[in-house]
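Chemist: okay, here's the prediction I keep looking at, along with the sequence it came from:
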Amino acid sequence: QLQASGGGLVPPGDSLRLSCALSGVNLDYYAIAWFRQAPGKERDWVSCITSADTTYYADSVKGRFTISRVNAKNTVYLLMNNLKPEDTADYFCAARSGGSWSNARYDYEYWGPGTQVTVSS
């Protein structure tokens, strides 16, 4: 089970840190990704961290977002800096067994409910 939290309403340029808490699975053996879905749009891949701690980012967030994991807490974080209105979306975390990178939704077996991020002045 995955639970995302940390969303909210912030002005452009601000920061948020999302958390993805896992239960029932050992984070050591999973890759974790963040996806986002804006109203009326497809669910897009944002970032991924592998079981080896290698990180990947979509071009739209590279340099602004940082993904990290604390295995002892079974938690993955997404630090989002310099937020823009186009970052507004529901953010979902997902887990993929085996621990390797993927940006494809169908590669992730476990999903949690989203947390809403709104960037607006």
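Modeler: That came through fine.

Chemist: element containing the residue lying closest to Asp53 once chain neighbours are set aside, please.
Modeler: Spatial nearest neighbour of Asp53, excluding adjacent residues (C-beta to C-beta, 6 or more residues apart in numbering): Arg69 at 6.9 Å. For glycine as for every other residue, the C-beta is placed from the backbone atoms N, C-alpha and C. Secondary structure from DSSP states H and E places Arg69 in strand 65-70.

Chemist: what is that strand packed up against?
Modeler: Strand 65-70 sits against strand 30-37, strand 43-49, strand 55-57, strand 75-80, with contacts defined as 3 or more C-beta pairs under 8 Å, 6 or more residues apart in numbering; DSSP states H and E.

Chemist: ok, 7 Å please
Modeler: strand 43-49, strand 75-80 (3 or more C-beta pairs under 7 Å, 6 or more residues apart in numbering; DSSP states H and E).

Chemist: run the chain-centre distance for it.
Modeler: Here strand 65-70 is found 9 Å from its chain centre; the criterion is C-alpha atoms, centre = their mean, to the nearest Å.

Chemist: partners of that strand, with directions?
Modeler: Strand pairing for strand 65-70, determined by DSSP bridges: strand 75-80 (antiparallel).

Chemist: who touches the partner strand?
Modeler: Contact partners of strand 75-80, identified using C-beta atoms under 7 Å, 6 or more residues apart in numbering, comprise 15-21, 32, 34, 47, 49, 64-69, 87, 93.

Chemist: and stretch 87-95, by the same measure?
Modeler: If you take C-beta under 7 Å, 6+ apart as the criterion, stretch 87-95 is touched by 2, 4, 7, 18, 20, 22, 25, 30, 32-38, 76, 80, 108-112, 114-119.

Chemist: got a ChimeraX select line for the buried ones in the contacts of strand 75-80?
Modeler: Only the buried entries of those go into this ChimeraX selection, using 16 or more other C-beta atoms under 10 Å:
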select :16,18,19,20,21,32,34,47,49,65,66,67,69,87,93
